[in-house]
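Visitor: The following block contains a protein sequence and its predicted model.
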Amino acid sequence: MFLQPFFSQVNNQLSISAEQGSQFAKQICNDFNPIHDIDSKRFCVPGDLLFALTLNNYGLSQKMQFDFSGLVPADKELIFPDWIESDLSIKDSREKVYLNVHRDGQATQQQTAIEHLVRSYVEFSGHSFPYILVPLMQQHNVMINTSRPLVMYQSMSLTLDQLSIASPEVKFIEAQMEVDGKRGNVTLQFSINDGEKSVGCGEKKLVLSGLREFNQQAMDQLILDYEARKA
């Protein structure tokens, strides 16, 4: 699968270097979040890469729920065990859990369809900032700390009506945010289409921390800095 350059694996133990995680974020997701920079002191492996590796290892099920419980640092050895039951936890050698996955329904190992879905989903996910999150923050008159921006990946779920799909694509539907003090809980809803036909749906949940009153000038500068990093 196209993910091979972005991880190293020995038996059922898998690790991701800072360079591999950063390249996946930038090259595949078009995500230039500073926490995915190789030299970032807060570097963490992209959650979308963990999602993609789960599908790569275990296939695609009709219903799947991904709950992230910790940030994965560079070179952390993760254990991808045999998956027999409906629930799975991705842990390190010290039993620390980073990702819990639940699946239900029929499953497929059809690699072409899985790759199409992964590529489309992570591209949609990587475009959350600024195109979706900034209008949402402006609507609620709040924003993240522009000097230390932090947007955390909390969970993702998907439901497919069928598995006989060829080229599934993720299409954004709408976004919602609930503000609780300095914390914002964001839900991004999307459909999954195969050609002109809708074959499923899903949602991604994010946590925005350190919220303060929206400042257009500060946000404009953050967007400029972000676009400069991409360039």
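Guide: Perfect, thanks for sending it. Numbering: from 1, shown residues only.
Visitor: residues touching the residue most central in space within the chain, list them.
Guide: Centroid-nearest residue in the chain: Asp48, 3.3 Å away (criterion: CA atoms, centre = their mean). Contact partners of Asp48, counting by CB atoms under 8 Å, 6 or more residues apart in numbering, are Phe24, Ala25, Cys29, Asp31, Tyr121, Val122, Ser125, Gly126, Tyr153. (C-beta placed from N, C-alpha, C; glycine too.)
Visitor: Over to Gln139?
Guide: Shown in contact with Gln139 (CB under 8 Å, 6+ apart): Met177.
Visitor: For this structure, which segments are assigned as strands?
Guide: Under the criterion DSSP state E, the chain carries strands at the ranges 8-10, 13-15, 60-68, 78-79, 87-92, 97-108, 142-143, 151-160, 168-180, 183-194, 197-208, 212-213.
Visitor: Please name whichever of the ones you listed is nearest to Asp220.
Guide: For the strands of the chain, the distance to Asp220 is smallest for strand 142-143, at 11.0 Å, taking CB to CB.
Visitor: Within the sheet, what are the partner strands of that closest one, with directions?
Guide: strand 212-213 (antiparallel) (DSSP bridges).
Visitor: Quick check: the residue lying closest to the residue nearest to the centre of the chain once chain neighbours are set aside vs Phe190, distance?
Guide: Spatial nearest neighbour of Asp48, chain neighbours left out: Val122 (4.3 Å); criterion: CB to CB, 6 or more residues apart in numbering. Using CB to CB, to the nearest Å, one gets 12 Å for the distance from Val122 to Phe190.
Visitor: Kindly report the same for Ala231.
Guide: Distance of Ala231 to Phe190, given as CB to CB: 27 Å.
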